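> Provided below are the primary sequence and the corresponding predicted coordinates.
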Amino acid sequence: MTYTNDTVYSTLDLIEDLRQELRVHSEILAEIFPDRIKRFSDRDLSRLWRGSNFHYIARVKNKINNSKNRDYNPEFRFEDTETSLGLLEKNLAGNFGAKVVCCIDIIQEYKNLNSGLSTLKFIEKLENELGRISGEVAITNEELSLILAGDKDFIHRVLDTINNPQSKRWYNPDYKFTLERLEEFKKSLKNIFRSNAMNLLENINRYKLHNPDLHYWHEKDYSIKRKNFFNEINLIFKAYWLGFLSADGSLSSTRPRISIELAIKDEVIIRHFCYSMGLDSSRITQQRRFWTYKGKVRTGRTSKIRFSSSQIAESLKSLDFHGLKSGEIGVPQVIKSFIINAKKEARFNSIQWFTTHSGRMAHAWLLGFYDGDGTYIGSNQGRIYSSNKKLLDDVKSLFEIKNKVYIQSDLSSYLEDGKIIPDKLVYALNLSPIVFRSMMDSYLFSLSRKRSSNSLGD
């Protein structure tokens, strides 16, 4: 699609275009928001069935329910004629094509007098099915907010900012979304609508083209007390957080922007991270996320921290963070060095390598990765996941694990941990009891629900 930059395309324009385009995807919307099916009204059905006769269904219901109505008939049934049910079937086919199959099934059930389907129940079932397939059901601000931002009040706040001069928040009729926010919109739309998201994404691209002055993010106080935190991995808890970020953190490839997003049940670990980094934990946000898994739309509540720091970003880059995330490298060199040094020390002193300080540093990194992308599977055993097979192969070799790296074909347990499954193969590795216990002993303040009941410190 080709755009020209000679017209205004405002934030309000984008909101309304997204709202209208989303109505096309009524069946997915009904899966996400089941109550939507109840919003296809008697008036909507009347208009579909009888054109301008908007009160047709209301009059039928009154005839059935109101004993004072002169035409009162509690046993009323629609006639199986071309001008009654036949007209409804014709209009349904003309409006919905192949999607009308379930509606026709409901009509056939109603026509069968032995089915026990009353006229009122017929209307209810038909309206619910039409609420599922029809684009007539409007997208509410709350629904649009949850789809785009995971926050039910998001669009309300934006509209208040743009339209309300007395806004208690702030008034800005020229308010624009940031580029970062637009990328979040696109990510959410892709997760939910997959290949059907094309037109929605085109609207966002149009908005970006017509508003070349967009900022990457809104200017805020991004003060961080420990900006040199990752300059040197010389403490156990630094190794742990490097491992955690390696699993569950993200670093923008174009900006010094770091973020962590977890299932809401694990917000405690984000708060722990904020404390370690000297970040204000009040900046943690909560949202509802949607994603498609095995053809079904799933949902979950998440907590997120996002911050900017050029110094931290550069430190992570120097630690091969991008290479690990892209699958170009496996275990980072700094962790490999700890393991090499630990094994040398162990041979010299005739001790187990994981009992040395360097060995504990390496296991703390693995524990952080496990807390980010792992599952406790009982007793003294855990499993880690990654789309980076090279990483798991390195872990297997360096930590001397006999179990094989394998493709995780059943992702249900992984999904229950609040993960959005990526569009690529996910590999898994079961950790041996020795490695699991050594991880747990290396750092006592890890995620409690992933520790065994007999782990040290639990």
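That came through, no problem. Residues are numbered from 1 along each chain as shown.
> all helices of the stretch 351-458 of the chain, in order?
Listed in chain order, the helices of the stretch 351-458 of the chain (DSSP state H, counting those that start in this stretch) span residues 357-373, 389-398, 412-416, 433-442.
> right, so those helices: which one is the most enclosed?
Stretch with highest mean neighbour count among the helices of the stretch 351-458 of the chain: helix 357-373 (a mean of 26; mean count of other CB atoms under 10 Å). In this view, the C-beta of every residue, glycine as well, is placed from N, C-alpha and C.
> What is that helix packed up against?
helix 236-248, helix 333-349, strand 381-386, helix 433-442 (3 or more CB pairs under 8 Å, 6 or more residues apart in numbering; DSSP states H and E).
> Just the angle for the first one relative to helix 333-349, thanks.
Spelled out, it's helix 236-248. Here helix 236-248 runs at an angle of 130 degrees relative to helix 333-349 (axes from the mean of the first three to the mean of the last three CA atoms, to 10 degrees).
> I'd like to know which elements helix 236-248 is packed against.
strand 257-263, helix 267-277, helix 321-326, helix 333-349, helix 357-373.
> Let's have the helices of the stretch 351-458 of the chain in CSV, adding distance to Val24 and mean pLDDT.
Below are the helices of the stretch 351-458 of the chain laid out as CSV (distance: least, CB to CB, whole Å; pLDDT from 0 to 100):
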stretch, distance to Val24, mean pLDDT
helix 357-373, 36, 97
helix 389-398, 39, 97
helix 412-416, 27, 66
helix 433-442, 49, 96
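> among the helices and strands packed on helix 357-373, which is nearest Glu89?
Among the helices and strands packed on helix 357-373, strand 381-386 comes nearest to Glu89, with 50.4 Å by CB to CB.
> Output the helices and strands packed on helix 357-373 as TSV; include the columns distance to Gly323.
Listed next are the helices and strands packed on helix 357-373 as TSV, based on distance: least, CB to CB, whole Å:
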stretch	distance to Gly323
helix 236-248	11
helix 333-349	10
strand 381-386	13
helix 433-442	23
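> Let me know whether Tyr171 touches Thr161 as I believe.
Yes: at 6.5 Å, Tyr171 and Thr161 qualify as touching, with contact defined as CB atoms under 8 Å.
> if you skip the residues just before and after it, what's nearest to Asp371?
Leu447 (4.4 Å; CB to CB, 6 or more residues apart in numbering).
> residues in contact with that neighbour?
Asp266, Val268, Ile269, Asp371 (CB atoms under 8 Å, 6 or more residues apart in numbering).
> For the last one, give me its contacts.
If you count contacts by CB under 8 Å, 6+ apart, Asp371 has them with Gly243, Phe244, Ala247, Asp248, Ile269, Ser446, Leu447, Lys450.
> what's the answer for Phe290, then?
Ile32, Leu146, Ile147, Ser188, Asn191, Ile192, Val297, Arg298, Thr299.
> Just the buried ones among these, please.
Ile32, Leu146, Ile147, Ser188, Asn191, Ile192, Val297, Arg298 (16 or more other CB atoms under 10 Å).
> could those go into JSON lines alongside pLDDT and secondary structure?
Supplementary listing: the buried ones among the contacts of Phe290 in JSON lines, determined by pLDDT from 0 to 100; DSSP: H, G, I helix; E, B strand; the rest coil:
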{"residue": "Ile32", "pLDDT": "94", "secondary structure": "helix"}
{"residue": "Leu146", "pLDDT": "97", "secondary structure": "helix"}
{"residue": "Ile147", "pLDDT": "97", "secondary structure": "helix"}
{"residue": "Ser188", "pLDDT": "95", "secondary structure": "helix"}
{"residue": "Asn191", "pLDDT": "91", "secondary structure": "helix"}
{"residue": "Ile192", "pLDDT": "93", "secondary structure": "helix"}
{"residue": "Val297", "pLDDT": "85", "secondary structure": "strand"}
{"residue": "Arg298", "pLDDT": "86", "secondary structure": "strand"}
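> Could you save those residues as TSV and add columns showing distance to Tyr406?
Formatted as TSV, the buried ones among the contacts of Phe290 follow (distance: CB to CB, whole Å):
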residue	distance to Tyr406
Ile32	33
Leu146	36
Ile147	35
Ser188	31
Asn191	26
Ile192	30
Val297	28
Arg298	24
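> Which one of those residues is nearest to Leu319?
Asn191 (28.7 Å).
> Report the secondary structure state of the spatially closest residue to that closest one that is not a sequence neighbour.
Nearest residue to Asn191 in three dimensions, chain neighbours excluded: Trp291, at 4.1 Å (CB to CB, 6+ apart). Secondary structure state of Trp291, per DSSP: H, G, I helix; E, B strand; the rest coil, is strand.
> thinking again about what came up before, pick the most deeply packed of the helices and strands packed on helix 236-248.
By mean count of other CB under 10 Å, the helices and strands packed on helix 236-248 have helix 357-373 as the most buried, with a mean of 26.
> can you list the weak-confidence ranges in the stretch 251-400 of the chain?
The stretch 251-400 of the chain contains no residues with pLDDT under 70.
> now the contacts of Leu447 in JSON lines, with distance to Tyr110?
Output for these, formatted as JSON lines (distance: CB to CB, whole Å):
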{"residue": "Asp266", "distance to Tyr110": "49"}
{"residue": "Val268", "distance to Tyr110": "54"}
{"residue": "Ile269", "distance to Tyr110": "55"}
{"residue": "Asp371", "distance to Tyr110": "56"}
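> Mind picking the one among the residues you listed that's closest to Glu232?
Distances from Glu232 to the contacts of Leu447, taken by CB to CB, are shortest for Asp371, at 22.1 Å.
> separation between the closest one and Gly382?
According to CB to CB, to the nearest Å, Asp371 and Gly382 sit 10 Å apart.
> Find residues that contact each of the two.
Lys450.
> Identify the bridge partners of the residue sitting nearest the centre point of the chain.
By CA atoms, centre = their mean, the chain has its centre lying nearest to Arg289, at 3.1 Å. Under the criterion DSSP bridges, Arg289 forms beta bridges with Gly300.
> and what of the one 4 residues further on?
In this structure, Tyr293 bridges to Lys296 when assessed by DSSP bridges.
> Tell me, how many residues neighbour it?
14 (other CB atoms under 10 Å).
> picking that back up, against Lys419, how distant is the residue nearest to the centre of the chain?
From Arg289 to Lys419 the distance is 10 Å (CB to CB).
> Among the contacts of Leu447, which one sits closest to Val405?
Asp371 (19.6 Å).
> Could you check how far the closest one is from Ile384?
Taking CB to CB, one finds Asp371 at 10 Å from Ile384.
> what is in contact with these two at once?
With CB under 8 Å, 6+ apart, Asp371 and Ile384 have common neighbours Ala247.
> quick revisit: what residues does the residue nearest to the centre of the chain make contact with?
By CB under 8 Å, 6+ apart, the contact list for Arg289 reads Gly150, Ser188, Asn191, Thr299, Gly300, Arg301, Thr302, Ile420.
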